[in-house]
Every structure is written in structure tokens, then in C-alpha cells.
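*Asks:* give me the fold of what follows.
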Amino acid sequence: MIQKTNDVRPRNDAGRLVPRYTDSDFIDAVRKLGIAGNTDVAQLVGCDTTTAKRRLFRLAECGLISKTRTSVGWVFTMGKHPVTKK
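*Replies:* Sure thing, here's the model as predicted:
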């Protein structure tokens with residue numbers, strides 16, 4: 001069953017919804033936070049944590065940010081290899 005939503009966002013030429021949050025919103029949040037978890041980014045951007053995690057992973061796969069697995073989850077930074085062990 002398809003759920004109807006009351007989403008009144010504009011649509012692009014292909015008829016797809018225009019995203020509420022841009023890639024720049026997420027990149028700027030990571031840049032501002034330095035080392036960021038998806039919850040921190042979600043709070044700064046103003047979106048759901050699931051949305052933040054999905055977008056951050058996609059941005060990392062595209063090479064626009066870096067991701068590193070830690071003992072408590074994933075962290076995202078602007079550079080390569082953000083978390084180093086000494």
C-alpha cells in the first residue's frame with residue numbers, strides 16, 4: 001500500500017521532488033563540526049538522523065567527505081583518515 005503524504009515541495013523537470021536539504025547543507029555541517037557523527041549533523045542541518053546518515057554515506061562514497069568506523073559508530077570529516085590511533 002502506498003502512503004500518501006502532504007509533501008508540497010516543488011518538483012524538478014523529471015517530476016521528482018526537490019530535496020529539502022542540499023549536499024552543501026551536510027558538507028557545511030561536517031566542516032563546522034570537524035569530526036561529526038550523523039546525529040550531530042542531523043541536529044545542525046535540522047533533519048532526521050536517518051536522512052543524515054544516508055546522505056553522509058552517499059557524500060563519502062562520492063569522495064566529498066571522509067568516513068571512518070569507530071568503536072561507537074561512524075564519524076565523518078572533510079579530510080582523509082580523520083581518526084588516528086596513537
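*Asks:* name the residues that touch stretch 16-25?
*Replies:* D7, R9, P10, R11, N12, V45, G46, C47, T51, R55, L59, L64 (C-beta atoms under 8 Å, 6 or more residues apart in numbering). The way it works is simple: take the backbone N, C-alpha and C, and place the C-beta from them, glycine included.
*Asks:* quick check: longest helix of this structure.
*Replies:* helix 49-61 (DSSP state H).
*Asks:* mind showing which ranges of the chain have poor pLDDT?
*Replies:* 1-7, 80-86 (pLDDT under 70).
*Asks:* cutoff 50 now
*Replies:* For the chain, residues meeting the criterion pLDDT under 50 lie at 82-86.
*Asks:* what does stretch 36-45 contact?
*Replies:* So stretch 36-45 is contacted by 21, 25-26, 29-30, 32-33, 48-49, 51-53, 56, 73-77 (C-beta under 8 Å, 6+ apart).
*Asks:* just the strands in this protein please.
*Replies:* Assigned by DSSP state E, the chain shows strands spanning 66-70, 73-77.
*Asks:* deepest-packed of those strands, please.
*Replies:* Each of the strands of the chain was scored by mean neighbour count; the highest is strand 73-77, a mean of 18, by mean count of other C-beta atoms under 10 Å.
*Asks:* how much space separates G15 from D28?
*Replies:* Applying C-beta to C-beta, to the nearest Å, the value for G15 to D28 is 28 Å.
*Asks:* who has more neighbours, those two?
*Replies:* Taking other C-beta atoms under 10 Å, G15 and D28 do not tie; D28 has more neighbours (14 against 6).
*Asks:* check contacts around the more buried one.
*Replies:* D28 neighbours (C-beta under 8 Å, 6+ apart): none.
*Asks:* gap between it and A52?
*Replies:* If you go by C-beta to C-beta, the gap between D28 and A52 works out to 13 Å.
*Asks:* can you check Y21 too?
*Replies:* 9 Å.
*Asks:* give me the more crowded residue out of those two.
*Replies:* A52 (26 against 15).
*Asks:* right, I'll leave it there.
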